[in-house]
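Colleague: okay, here's the prediction I keep looking at, along with the sequence it came from:
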Amino acid sequence: ETGVTQTPRHLVMGMTNKKSLKCEQHLGHNAMYWYKQSAKKPLELMFVYNFKEQTENNSVPSRFSPECPNSSHLFLHLHTLQPEDSALYLCASSQLGTEDTEAFFGQGTRLTVV
Amino acid sequence: SQKIEQNSEALNIQEGKTATLTCNYTNYSPAYLQWYRQDPGRGPVFLLLIRENEKEKRKERLKVTFDTTLKQSLFHITASQPADSATYLCALDEMKTSYDKVIFGPGTSLSVIP
């Protein structure tokens, strides 16, 4: 285990549904991230939260809505998604401002939009 | 903006040989470069970090080099084993004014044949 937990591991949703992905980190890190990984594509950074403040929104469509209520929890709220949004969604955390900058990833949520 | 390139073709090598993976970046030299391993359907796992003032870093059977003149990092796995089969991702920092943003390359798939 990496210390970053994502739920659910798998999610199938219709295009009219609303669902949320959850991420929790037990590492005391000050930054959390959402990445999207589609088949045969590189990891795409979606959102960055630094000390609970959103510092990056990488031109993500508004049907994806992040929420960071505290430095340990991160959510990704989903609504009216498209089939092309089907992908592996990965959460990560890191400690910024130190020499140990590596990212710790969760196991990911495999999302299928039907 | 920074672009990261890795061997696009899958790498197949015989067990016991040394695997060498390449990571090239196109723009400014990052303060550090990281290598991660990713197994199918799982999040990446951090392996090694090398800083811009370091030429080489080792950890057990892994060795990473960093050449800022060539804008290239090489990742070596010596005495490779079938269990080393995975996708290996190169990542580097894109420093912003107040936080780090780590961007990932597309990854190279490695298969070690018994």
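Modeller: Nice, thanks for sending it over.

Colleague: quick one, what contacts the residue in chain B positioned nearest to chain A?
Modeller: For chain B, the residue closest to chain A is B:G43, as judged by Cβ to the nearest Cβ, at 3.1 Å. For the C-beta atoms, the positions are set from N, CA and C on the backbone; glycine is no exception. Neighbouring residues of B:G43 by Cβ atoms under 8 Å, 6 or more residues apart in numbering or on different chains: A:T2, A:V4, A:L90, A:A92, A:F105, A:G106, A:Q107, A:G108.

Colleague: which SSE is it in?
Modeller: Counting by DSSP states H and E, there is no helix or strand that carries B:G43.

Colleague: per-residue pLDDT, it?
Modeller: Reported pLDDT at B:G43 in the predicted model: 92.

Colleague: got it, and B:T18?
Modeller: pLDDT at B:T18 comes out at 97.

Colleague: can you verify my assumption that it contacts B:F75?
Modeller: No - the criterion here is Cβ atoms under 8 Å, and B:T18 misses it with B:F75 at 10.8 Å.

Colleague: between these two, which one's more packed in?
Modeller: In this view B:T18 and B:F75 are compared by other Cβ atoms under 10 Å in any protein chain shown, and B:F75 has more residues nearby, 25 against 12.

Colleague: okay, and the beta partners of the more buried one?
Modeller: B:F75 has these beta-bridge partners by DSSP bridges: B:L21, B:V64.

Colleague: would you check that it makes contact with B:L21?
Modeller: Yes - counting by Cβ under 8 Å, B:F75 does reach B:L21; the two are 4.4 Å apart.

Colleague: between these two, which contacts overlap?
Modeller: With Cβ under 8 Å, 6+ apart as the test, B:F75 and B:L21 both reach B:Y88, B:C90.

Colleague: give me the contact list for the lowest-mean-pLDDT helix or strand in chain B.
Modeller: Within chain B, no helix or strand scores below strand B:102-104, which has a mean of 83 by mean pLDDT, DSSP states H and E. Identification of contacts with strand B:102-104 by Cβ under 8 Å, 6+ apart yields A:35, A:42-43, A:45, A:94, A:101, A:103, B:2, B:4, B:34, B:36, B:44, B:89-94.
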